[in-house]
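A.B. asks: Sequence below, structure please.
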Amino acid sequence: MAVAIGKFIWDITYACPLRCVHCYTESGRRPARTLDRDAAMRVIDRIIAAQAKKVSISGGEPLSVRWALEAMRRLHDAGIAVTVFTSGWSMPERTAGALAESVASVAVSVDGADPAIHDTVRGRPGAFERGLRALDTLHRVKLERQASGQGCYTFGIDYTLTRSGAREADLERFVAMAVERFPGLDFIRFGAVIPSGLAAEKDFEDSELLSIDELVGMIAVGQRLAAQAGCEVDISVTDVRYFLPQPGISAVDLDIAHIEPDGALRAFPIYEAKVGNILDESLESLWPKVRAWRSDPFVVGLMESVKTMADWAHTARSLDMRYGSADDQARILQRRAPMRLSA
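C.D. replies: Predicted coordinates:
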């Protein structure tokens, strides 16, 4: 019997021009592991066969992959809502035009209100301006297509909240700038950095990971920003409590599959544990392994112990070292502590 999975997250490459201090996948610092085109199309066949409703394409920088647009178009033509997450490092007009035919939504990642913050978080000078230029291009293509009666993506900004980038005054001026510069913008989403990958490291936890109370306070900030903007842009702050263990809700039934660039299937999004590779085994055989990992008493006990962001970071570190591959464990042990951003 075919397995049905509602949403897939597919990191199609770990290649990236940036060196983000909180990177969940250590992209740009490790082998890209990008599949060739034929293997990628086989992954797509499996996603389609699983009756997916949504697919999030990420990385690394997904638009650096030669077959990325073809892959997104195939998923889109199969009736799947595709969202692509990009740094905006490179966004030629032809790429934006192709995205209009291939995805439901484009999210450009911005992690600071200005170059001083964003470029430090992203680890490369010029990243902020390149991201804004990408938004300029996406905006222009959307307006041109709307004027000619053609459909197009929704597009917006995903702003990851670290302590350095979460000052209310900075967020206020960033929203004002974005709304003025991109009047066709569909959304600005503020979301807490998740303790995964480099963002789970102890030094990052101590310096940049916001607490639950701070993040709950950000919800009110988001409401004020939306009221001040007074426009049709959807401005929101994700309530991080949604991601914490909920009474009566089991992670076993979470309807999300996370695929790594080489086709490896994670047992759970954000943690390093793998159950196999979808190019070698069917989802019908892999999905029970996913559910078994999520119901393992050790895993359940750690997840249910999470009450704070610090707990969550500790859990991520523990699960990654216990269940990560030998390569994962060696890479984790060799990590240098992320640079401290806060004054």
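A.B. asks: Helix, strand, or coil at F155?
C.D. replies: Look at F155: counting by DSSP: H, G, I helix; E, B strand; the rest coil, its state is strand.
A.B. asks: try P195
C.D. replies: Once three-state DSSP is applied, P195 turns out coil.
A.B. asks: For E129, see how far away the closest residue to I194 other than its chain neighbours is.
C.D. replies: Leaving aside its sequence neighbours, I194 sits nearest to I270 (CB to CB, 6 or more residues apart in numbering; 6.0 Å). Where C-beta positions appear, they are placed from N, C-alpha and C, glycine not excepted. According to CB to CB, to the nearest Å, I270 and E129 sit 30 Å apart.
A.B. asks: Name the residue in these two with the higher neighbour count.
C.D. replies: I270 (20 against 13; other CB atoms under 10 Å).
A.B. asks: Tell me who's in contact with the more buried one.
C.D. replies: Going by CB atoms under 8 Å, 6 or more residues apart in numbering, I270 touches 24, 194, 196-197, 258, 316.
A.B. asks: The same query, at a cut-off of 10 Å, please.
C.D. replies: With contacts defined as CB atoms under 10 Å, 6 or more residues apart in numbering, I270 is in contact with 9, 24-25, 194-197, 199-200, 243, 258, 312, 316, 319-320.
A.B. asks: got it, and I188?
C.D. replies: With contact set as CB under 10 Å, 6+ apart, I188 has these partners: 110, 156-159, 171, 174-175, 178-179, 182, 222, 225-226, 229, 233-237.
A.B. asks: which is the next helix or strand following the helix or strand containing it?
C.D. replies: Under the criterion of DSSP states H and E, I188 resides in strand 187-192. Remark: after strand 187-192, the chain's next helix or strand is helix 202-207, criterion DSSP H and E.
A.B. asks: Now do the buried residues in that following helix.
C.D. replies: Neighbour-count burial for helix 202-207, with 16 or more other CB atoms under 10 Å as criterion, is recorded at 204-205, 207.
A.B. asks: Likewise for stretch 62-70?
C.D. replies: Neighbour counts over stretch 62-70 (16+ other CB under 10 Å) mark 62-65, 67-70 as buried.
A.B. asks: Rounded mean pLDDT for it, please.
C.D. replies: Mean pLDDT, stretch 62-70: 98.
A.B. asks: And the strands in this structure, which stretches?
C.D. replies: Using DSSP state E, the strands found in the chain span residues 7-11, 54-58, 81-86, 105-110, 154-161, 187-192, 234-237, 256-259, 264-266, 274-277.
A.B. asks: Any idea which of those strands gets closest to S285?
C.D. replies: Closest to S285 of the strands of the chain, according to CB to CB: strand 274-277, at 7.6 Å.
A.B. asks: Parallel or antiparallel, which strands does that closest one pair with?
C.D. replies: Partner strands for strand 274-277, per DSSP bridges, with pairing direction: strand 264-266 (antiparallel).
A.B. asks: tell me which residues form a beta bridge with V106?
C.D. replies: Beta-bridge partners for V106, by DSSP bridges, are V84, F155.
A.B. asks: burial of it, as a residue count?
C.D. replies: Other residues close to V106 by other CB under 10 Å number 28.
A.B. asks: quick one: contacts for it?
C.D. replies: So V106 contacts 63, 82-86, 88, 91, 96, 99-100, 134-135, 138, 141-142, 152-156, 186 (CB under 10 Å, 6+ apart).
A.B. asks: just R73 next, same as before
C.D. replies: R73 makes contacts with 82, 98-99, 101-103, as judged by CB under 10 Å, 6+ apart.
A.B. asks: Quick one, grab the pLDDT at it.
C.D. replies: 98.
A.B. asks: Distance of it relative to A98?
C.D. replies: Distance of R73 to A98, given as CB to CB: 8 Å.
A.B. asks: Need the max-distance pair from the buried residues of stretch 62-70.
C.D. replies: Among those, S64 and E70 lie farthest apart (CB to CB), at 14.1 Å.
A.B. asks: okay, the buried residues of stretch 62-70 in TSV with distance to L265 next?
C.D. replies: Listed next are those as TSV, based on distance: CB to CB, whole Å:
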residue	distance to L265
P62	18
L63	23
S64	23
V65	19
W67	20
A68	20
L69	24
E70	22
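A.B. asks: So which of those residues is the closest to T13?
C.D. replies: Nearest to T13 among those is V65, at 5.1 Å by CB to CB.
A.B. asks: thinking again about what came up before, ok, the buried residues of helix 202-207 vs V306, which is closest?
C.D. replies: Closest approach to V306 among those (CB to CB): E205, at 13.1 Å.
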